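Colleague: What would the 3D arrangement of this be:
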Amino acid sequence: MPWEQKRNVVIRRGDQPGDLGWVVMANAEVYAKQFGWNTDYEALVAKIVAGYAARHDPDSEAGWIAEVDGERAGCVLLIRDARPGVARLRLLLVTPPARGLGVGTALVRECLDFARNAGYQRVTLWTNDVLVSARRIYQGFGFTLTDEEPHHSFGKDLVGQNWDLALTAS
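Modeller: Model prediction:
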């Protein structure tokens, strides 16, 4: 039976043609369908991805794609923050068919391992409170909520949250 089949999950660098475009498209489509977010969110994701594509330093910034059975199913970026020693986790996404397979946890683990190896002391992220599963993943890695604030974005009233993790060598 299909649900008994083991799924093949692979986390790889997001450096193949089409990967960055997929990050924009998948974020826009998934969150429009799940939360009714409008194209303002797609524009924000496109801006983040374009900045990363144009000027990322591969020694201190990276992106990853999760594939499930050979199909893109998730993503995350790690981008240097303006503050020294601080990185930002950006655009964590797992597509609905891949949820429950540990994809989000694997992506965040890869991201944090890279951050440690790159010498960062801290990783921060901004999210919205409606992204409950992502928050559980962040909390599982030890991120703590530093502040939150209501805002109107992407056509919705939301509560934005900032999370922070002090890195230790592992």
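Colleague: Okay, now the unreliable bits of the chain?
Modeller: Applying pLDDT under 70 to the chain flags the ranges 1-5, 169-170.
Colleague: so where does the most centrally placed residue in it fall, helix or strand?
Modeller: The chain has Leu92 as the residue nearest its centroid, 1.6 Å off, counting by CA atoms, centre = their mean. Element membership of Leu92, judged by DSSP states H and E, is strand 86-94.
Colleague: Tell me which residues touch the closest residue to Ala166 other than its chain neighbours, please.
Modeller: Spatial nearest neighbour of Ala166, excluding adjacent residues (CB to CB, 6 or more residues apart in numbering): Arg122 at 5.6 Å. (Each C-beta comes from the backbone N, C-alpha and C, glycine too.) Residues in contact with Arg122 (CB atoms under 8 Å, 6 or more residues apart in numbering) are Gly85, Val86, Ala87, Asp164, Leu165, Ala166, Leu167.
Colleague: Among those, which one sits closest to Gly36?
Modeller: Comparing these against Gly36 with CB to CB places Asp164 closest, at 28.8 Å.
Colleague: Am I right that that closest one is in contact with Thr144?
Modeller: Yes. In this structure Asp164 lies within contact range of Thr144 using CB atoms under 8 Å: 5.9 Å.
Colleague: These two - which one has more neighbours?
Modeller: Set Asp164 next to Thr144 and count neighbours by other CB atoms under 10 Å: Asp164 wins out with 16 against 11.
Colleague: buried ones in the particular helix or strand that has that one in it?
Modeller: For Asp164, the element it lies in under DSSP H and E is strand 156-166. Using 16 or more other CB atoms under 10 Å as the test for burial, strand 156-166 gives Lys156, Leu158, Gln161, Trp163, Asp164, Leu165.
Colleague: just stretch 36-48 next, same as before
Modeller: Residues of stretch 36-48 classed as buried by neighbour count (16+ other CB under 10 Å): Trp37, Tyr41, Glu42, Leu44, Val45, Ala46, Ile48.
Colleague: re earlier: what helices or strands is the strand holding Leu92 leaning on?
Modeller: When contacts are defined as 3 or more CB pairs under 8 Å, 6 or more residues apart in numbering; DSSP states H and E, strand 86-94 sits against helix 19-35, helix 39-55, strand 71-80, helix 103-117, strand 122-128, helix 132-140.
Colleague: could I get these as CSV with distance to Ile11?
Modeller: Listed next are these as CSV, based on distance: least, CB to CB, whole Å:
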stretch, distance to Ile11
helix 19-35, 13
helix 39-55, 18
strand 71-80, 8
helix 103-117, 5
strand 122-128, 17
helix 132-140, 14
